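Peer 1: the following comprises the amino acid sequence and a computationally predicted model.
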Amino acid sequence: MTKAITINNLTYQYDDQDLFDGFNLSVEAGEWVALVGHNGSGKSTLAKLIVGLIVANGGDIDVFGERLTVDSVNDIRAQIGMVFQNPDNQFVGATVADDVAFGLENIELPSDEMPQRIDEALHTVGMENFKEREPHTLSGGQKQRVALASVLALGPKIIILDEATAMLDPEGRATIMTTLQNLKAQFGAELTLITITHDMDEAALADRIVVINDGRLILDGSPDVVFSKSQTMHDNGLELPFAGELTARLTVKPEKYLDERELIHWLSPSNK
């Protein structure tokens, strides 16, 4: 498989302390990776290092085989879109359509191609009927979908969402996660997703979960593998999804991690 991101022997110092010291990680093209850890574990710092917003003290970061350097950083950023925690910080346009157009103007997309690109991006996130709305009139979840559309319009190969649902209500979070599932179904191997979160129910939707703590890789595997390590998760300040926490308290446990629907079926008297 093609490597979307390869990190080798990464080192980074923050306030004269080593946050990353010989850190290694690779992400396959088309994967959905949930990067989890408690506050201050290094999740957001790692994202900023990948896109070159901050510079590592040592080691290498490759994006689709291209080494991140001062000379290549703009080319690499063109392949990566980022959605941040507060969508209001990403809005610059008077209307939703203007906001999506802003990034296209920056890459000097011909003006006659913009309307179709804008419409396609908004349709992908289910916001095509809000094109002429002012961003401040939208709900939190709608704002975040517009921020995602603004990124999608630029055609990135990788999208990093940094705690993108943290400020949303449950309905808004659910809508964003459904949107991400739809994106993966639509684009498949053409789109790599990295979601930075401390919400384990969100992380459970990913293909793979990477747990870090103080810049160290603690766990790396599919959700069922990672959530089976309940004690390790707790030792690193993380809770499991509800189904995982319940399973950990059962005297007789299923052989592998089950999500909530699977666990209800497993616990059903008709299956005993």
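Peer 2: The structure has been received and is ready for your questions. Residues are numbered from 1 along each chain as shown.

Peer 1: for the rest of this, base every contact and every neighbour count on C-alpha atoms.
Peer 2: Fine.

Peer 1: next up, the contacts around residue 61.
Peer 2: Listed by CA atoms under 8 Å, 6 or more residues apart in numbering, the contact set of residue 61 reads 5, 6, 7, 8, 10, 50, 67, 68.

Peer 1: let me redo that: residue 141
Peer 2: 168, 169, 171, 172, 173, 175, 176.

Peer 1: cutoff 10 Å now
Peer 2: Each residue near residue 141 by CA atoms under 10 Å, 6 or more residues apart in numbering is listed here: 87, 147, 164-165, 167-176.

Peer 1: now flag whichever of the contacts of residue 61 is closest to residue 135.
Peer 2: residue 50 (29.1 Å; CA to CA).

Peer 1: assess the claim that that closest one and residue 80 are in contact.
Peer 2: Yes. Judged on CA atoms under 10 Å, residue 50 makes contact with residue 80 at a distance of 9.2 Å.

Peer 1: quick one: common contacting residues for those two?
Peer 2: 63, 160.

Peer 1: these two: which is more packed in?
Peer 2: Between residue 50 and residue 80, counting by other CA atoms under 10 Å, residue 50 is the more crowded of the two (25 against 21).

Peer 1: so for the residue nearest to residue 63 when sequence neighbours are not counted, what pLDDT did the model give?
Peer 2: Take residue 63 and drop its neighbours on the chain: the residue closest to it by CA to CA, 6 or more residues apart in numbering is residue 5, 4.7 Å away. With respect to pLDDT, residue 5 has a value of 97.

Peer 1: mind listing the strands for the stretch 151-272 of the chain?
Peer 2: Secondary structure of the stretch 151-272 of the chain (DSSP state E, counting those that start in this stretch): strands located at 158-162, 192-197, 208-213, 216-221.

Peer 1: beta partners for the residue nearest to residue 63?
Peer 2: Listed by DSSP bridges, the beta-bridge partners for residue 5 are residue 27, residue 63.

Peer 1: I'd say it and residue 28 touch.
Peer 2: Yes. Counting by CA under 10 Å, residue 5 touches residue 28, with 7.0 Å between them.

Peer 1: any shared contact partners between these two?
Peer 2: With CA under 10 Å, 6+ apart, residue 5 and residue 28 have common neighbours 64, 192.

Peer 1: quick one: which two of the contacts of residue 141 are the most distant?
Peer 2: The widest separation within those (CA to CA) is 18.4 Å, between 147 and 170.

Peer 1: higher neighbour count, the two?
Peer 2: The neighbour count for residue 147 versus residue 170, taken as other CA under 10 Å, is higher for residue 147 (27 against 11).

Peer 1: and the more buried one, that one's in a helix?
Peer 2: Yes. According to DSSP: H, G, I helix; E, B strand; the rest coil, the state of residue 147 is that of a helix.

Peer 1: so it is in contact with residue 96, correct?
Peer 2: Yes. The pair residue 147 / residue 96 is scored as a contact, 9.3 Å apart, by CA under 10 Å.

Peer 1: report the set of residues contacting both of the two.
Peer 2: 122, 135.

Peer 1: who touches stretch 258-272?
Peer 2: Outside stretch 258-272, the residues touching it (CA under 10 Å, 6+ apart) are 201, 204, 223-224, 227-228, 241-244, 246-247, 253-254, 257.
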